[in-house]
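Participant: Task: produce atomic coordinates for the following.
(one chain, ligands or ions: 2)
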Amino acid sequence: MFKINPYRPGAGLMPTYIAGRDEDIANVGQMFDALIMNIPTQSIIFSGLRGVGKTVLINKLQNIAEEKEIFCRHIEVEERNDFIFQIAACSQAFLRKVSTKEKFKHLIQKPLDAIKSLMVSFNPNENTFSFSLQERELYISINLTQSLTEVFVTIGETAYKTGTPICFFIDEIQYMKQNELGSLIAALHRANQLGYPVMVVGAGLPKVYKMLSEEKSYSERLFLYKEIASLTDEQSKTAIEEPVKRLGISYTDEAIREIIKITRGYPFFIQQMCQVVYKRTDEKIIQGIHIKNNINEFFELLDAGFFKSRYERCAESDKKFVFAMVKCGELPCTISNVAKNLHKSVSAISTTRAQLISKGIIYPVRYKELDFTVPEFTGYIQRLEEYQQWCEEN
Ligand SMILES: Nc1ncnc2c1ncn2[C@@H]1O[C@H](COP(=O)(O)OP(=O)(O)OP(=O)(O)O)[C@@H](O)[C@H]1O
Ligand SMILES: [Mg+2]
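Facilitator: Numbering: from 1, shown residues only. Ligands and ions are numbered 1, 2, ... in the order given. Here you go, the predicted structure:
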């Protein structure tokens, strides 16, 4: 028989109840109000581990901004380099919206030229606009920062004059190239200096903090940087209970304690655990024993999905590096301990380290220290036969 299941494990899947983010939602809501009133406001970047709820949060914020009639666009940066194309396409979409009103048509040409220049100069696959060679000469620029700033300033001016504030929601910011991030910061900074209503709400892995701090000195004032952590016990309880309340189902305190112990309050794990338990239990009151009975299936699902998808992105040398991190015992670990476990020098493994960081598997915690971006990844690696075999050989 079909049974409605209100739990939603999956990348970016909106949960039926968003637990523990009320304060962030209220704060950013106020920032949107300031943006609408043209009171200079900061942009914000959320960072956190895999599955902690960054995408869900920024999607929720986008809904709120759209209700407030802010022009919104969602950008997901991917490892292949298409950020420039995406930001240009979003800016074009803004112009399309504005141009539907006859009285604003004269405000389009300047920003459109800026977008053309950005595309022609920095998007190698540019085929949106057809240019003659001579035109191309006119638009070509060699400076990304200058070009992107021109786009932000001109669309910002149009946003200001038409009373249509803009907010770009940029997910997976860690995949941006450092020079793209630098240019984005400079462009946003200039548009804000001129009092234009353009804002960015971003999300990314903890690595973004380092990326930001390596950029312009004013990036700290431009962006509010907020870490998103796993849910507290109280918040986890609501994440577990609220989705099934309407269905007349409840959990005993013992069951809730068990779930929190196993999931450590990570939203993705809570959704996955509760989905399994709910699917396989027909009682109105879910008890501790029901949780215990389903622990194996929970881990099997995680191992075959959430963890495996990350592990499979590792090349052979990456895997050895990951094994050596796990062998350190405690995380974060130092690069020199990883090197020691691999019987290599620090410099010999620095390329692999950089590769794993850019793939988003590990991140630098403090100077020379490393940790996994995937919560509970250590346990997964320890369950792998490949790891056990490697330990025997090393
Ligand atoms: N506040 C929350 N309350 C309850 N469940 C949540 C919450 N936030 C996220 N989830 C659930 O957790 C899972 C992961 O959320 P999401 O994809 O937003 O994480 P993420 O931080 O973007 O992960 P990644 O770094 O892999 O992109 C989803 O199944 C979602 O439904
Ligand atoms: Mg995400």
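Participant: any idea how far whichever residue of the chain sits closest to ligand 1 is from residue 76?
Facilitator: Closest contact between the chain and ligand 1, by CB to the nearest ligand atom, is at residue 53 (2.5 Å). All C-beta spots, glycine's among them, are computed from the backbone N, C-alpha and C. Using CB to CB, to the nearest Å, residue 53 is found at 16 Å from residue 76.
Participant: what about these two, which has more around it?
Facilitator: residue 53 (27 against 16; other CB atoms under 10 Å).
Participant: give the contact list for that one.
Facilitator: Residues in contact with residue 53 (CB atoms under 8 Å, 6 or more residues apart in numbering) are 18, 21, 228, 267, 268.
Participant: May I have the secondary structure class of residue 360?
Facilitator: Assigned with DSSP: H, G, I helix; E, B strand; the rest coil, residue 360 falls in the coil class.
Participant: what residues are up against it?
Facilitator: When contacts are counted by CB under 8 Å, 6+ apart, residue 360 touches 50, 172, 174, 175, 205, 207, 373.
Participant: Try it again at 10 Å.
Facilitator: By CB atoms under 10 Å, 6 or more residues apart in numbering, the residues touching residue 360 are 50, 79, 172, 174, 175, 204, 205, 207, 310, 313, 373, 374.
Participant: Could you do residue 108 as well?
Facilitator: Residue 108 touches 95, 96, 98, 99, 154, 155, 158, counting by CB under 10 Å, 6+ apart.
Participant: Then residue 332?
Facilitator: Counting by CB under 10 Å, 6+ apart, residue 332 has contacts 325, 362, 363, 364, 365, 366, 368, 369, 370, 371, 372.
Participant: Could you rerun that using 6 Å?
Facilitator: Contacts for residue 332 (CB atoms under 6 Å, 6 or more residues apart in numbering) come out as 365, 369, 370, 371.
Participant: Most neighbours among those, please name it.
Facilitator: Of the contacts of residue 332, with other CB under 10 Å as the count, residue 370 tops at 22 neighbours.
Participant: Greatest separation within the contacts of residue 53: which pair is it?
Facilitator: With CB to CB as the measure, no two of the contacts of residue 53 lie farther apart than 21 and 268, at 14.4 Å.
Participant: if you count what's nearby, which of the two comes out ahead?
Facilitator: residue 268 (25 against 19).
Participant: Three-state assignment for that one, please.
Facilitator: Residue 268 ends up helix, using three-state DSSP.
Participant: How about residue 308?
Facilitator: Under three-state DSSP, residue 308 falls in the helix class.
Participant: Repeat that for residue 137.
Facilitator: helix.
Participant: Determine the number of other residues adjacent to it.
Facilitator: There are 10 residues near residue 137, going by other CB under 10 Å.
Participant: Make residue 1 into 39 and carry on from there
Facilitator: Will do, 39 is the new start, and the previous item becomes residue 175.
Participant: What does the pLDDT read for it?
Facilitator: Residue 175 is assigned a predicted lDDT (pLDDT) of 74.
Participant: State the distance from it to residue 155.
Facilitator: Note on residue 175: its distance to residue 155, by CB to CB, is 11 Å.
Participant: Many thanks, we can stop here.
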